[in-house]
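Asker: test case, fold it:
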Amino acid sequence: MLKKLAKYGNSTTLVIDKSILELLNMNESSIVKLQTDGKSLIITPIESIKQGEKISYDTYEALVAAKQSFEKKLVHKELDKQTMKTAKTEYQGAFEKHTEAFIRFNTEIFPSKKFQDALASLTEKIDPASQGEAFIKEFNNLRIQFCPEMAELQKEIETINKKYNSIS
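Answerer: The predicted model follows:
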């Protein structure tokens, strides 16, 4: 089988077909070991990680890993449909109120080399997969450090989260 590499942000990806993943008992969240013999890339699924062994993440992967780890720890309160609708409206209102800051962060700050370097440094200090809550907290602090106008949006999100018994 021949495959073509694809551009994905600042990285290059190799799409692995579902049938191959199934054959190797892997899925989209599997951890793999990458090796090379100088001519070939060898991808080996890893069952478990040794104590102290670190996974390498790009900044987007780190945020996804942190979010997944964090969500596993959340205890979701059963909310009726009307309450969920009200919460969604409050979140939308907060984002609409701070649209300019949100857009500036996502278009100017997040892609900047300086922010990406700071985020990579954070990923080295805090493992996003095993310390999702701590990683997200520090990511939010970093986001406010680089884009102070995001502080008000973050404060409103935290208030809404507390109101509906979520963790920010």
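Asker: most residues in a single helix of the chain, which one?
Answerer: helix 81-97 (DSSP state H).
Asker: quick check: Val15 touching Ala6?
Answerer: Yes - in this structure, Val15 is within contact of Ala6 by Cβ atoms under 8 Å, at 6.6 Å. To be clear about C-beta, it is placed using only N, CA and C from the backbone, and glycine gets the same treatment.
Asker: mind listing the shared neighbours of the two?
Answerer: The overlap between the contact sets of Val15 and Ala6 (Cβ atoms under 8 Å, 6 or more residues apart in numbering) is empty.
Asker: follow-up on the earlier one: other residues contacting the longest helix of the chain?
Answerer: 79, 102, 153, 156-157, 160, 163-164.
Asker: from those residues, which land in helices?
Answerer: Members of these lying in helices (criterion: DSSP H): 102, 153, 156-157, 160, 163.
Asker: can I have the buried ones of the residues you listed as a ChimeraX selection?
Answerer: Burial among the ones in helices among the contacts of helix 81-97 is assessed by 16 or more other Cβ atoms under 10 Å; the matching ChimeraX selection reads:
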select :102,153,156,157,160
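Asker: neighbours around Gln131, how many?
Answerer: Gln131 has 17 neighbours, counted by other Cβ atoms under 10 Å.
Asker: torsion angles phi and psi at it?
Answerer: phi -130, psi 50 (degrees, to the nearest 10).
Asker: buried residues, the longest helix of the chain. List them.
Answerer: For helix 81-97, by 16+ other Cβ under 10 Å, it's 87, 90, 94.
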